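>>> Based on what follows, work out the 3D shape:
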Amino acid sequence: MTHQTAGGRAKASEMEHAIRSHIRKNLEADPVRFRKMSQRLNDILKDFGQQWDQIIEQLQAIIDELRSEASEGDETISDIPEIYLPFLRTVLAASSADETTPDDRLHTLHEVTRLAVDRIIEEVSANRSLWSSFKMADQENLRSEIFEIIFDAQIQGFGVDEAEALADQLMQQAKANEDKLRAA
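Predicted coordinates for the structure are as follows:
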């Protein structure tokens, strides 16, 4: 192994660990985005074998994307404020939306996200200790309201079970994003 190979491997390893650490810290706040990032990272490491220069180049692209916070090439996300994006990604993934999803359905999904997040922001701002164990009733009330927003939207293919599961996911995400939501 040449010195250059060892250096490339070490640099790639350092970059990989930094990316994995960032993914771990942010997974709950934006699970859809960071699961995709994790998959991309695994694919790069698998596809490029020992080609350290190419691996470093690909890993740098992920780092640049993480720094910019933007997820390029996603036509299903329009000009929606940044605070809504992690939640929108979750709603889109739960409803299997992609580039082929009709605009009216996408509009409904955006609207559901906006209503749910607005309600969460309102509650988080008014209820400083919402996530503490003695506020379980408040948490359950909020979860029920989010469920109703989702269920009332009559999203195609969404029954009670899907709406319940999505409400739970959005609540977990809200807890992980509490500081950002409170600042919104």
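>>> per-domain residue ranges of the chain.
Annotated domains of the chain cover 3-68, 82-183 [automatic domain parsing].
>>> out of those domains, deepest packed?
Counting by mean count of other C-beta atoms under 10 Å, domain 82-183 has the highest mean neighbour count of the domains of the chain, with a mean of 16. In this view, the C-beta of every residue, glycine as well, is placed from N, C-alpha and C.
>>> what about that one, start to end distance?
12 Å (C-alpha to C-alpha, to the nearest Å).
>>> Could you tell me the average pLDDT over it, please?
In this model, domain 82-183 has an average pLDDT of 93.
>>> Please compute how far that domain lies from its chain's middle.
12 Å (C-alpha atoms, centre = their mean, to the nearest Å).
>>> centroid residue for the chain?
Central residue of the chain (C-alpha atoms, centre = their mean): residue 30, 2.4 Å from the mean position.
>>> so what's the backbone phi/psi at it?
Here is the backbone geometry of residue 30 (degrees, to the nearest 10): phi -150, psi 70.
>>> That one reaches residue 88, doesn't it?
No - applying C-beta atoms under 8 Å, one finds residue 30 not in contact with residue 88, separated by 10.1 Å.
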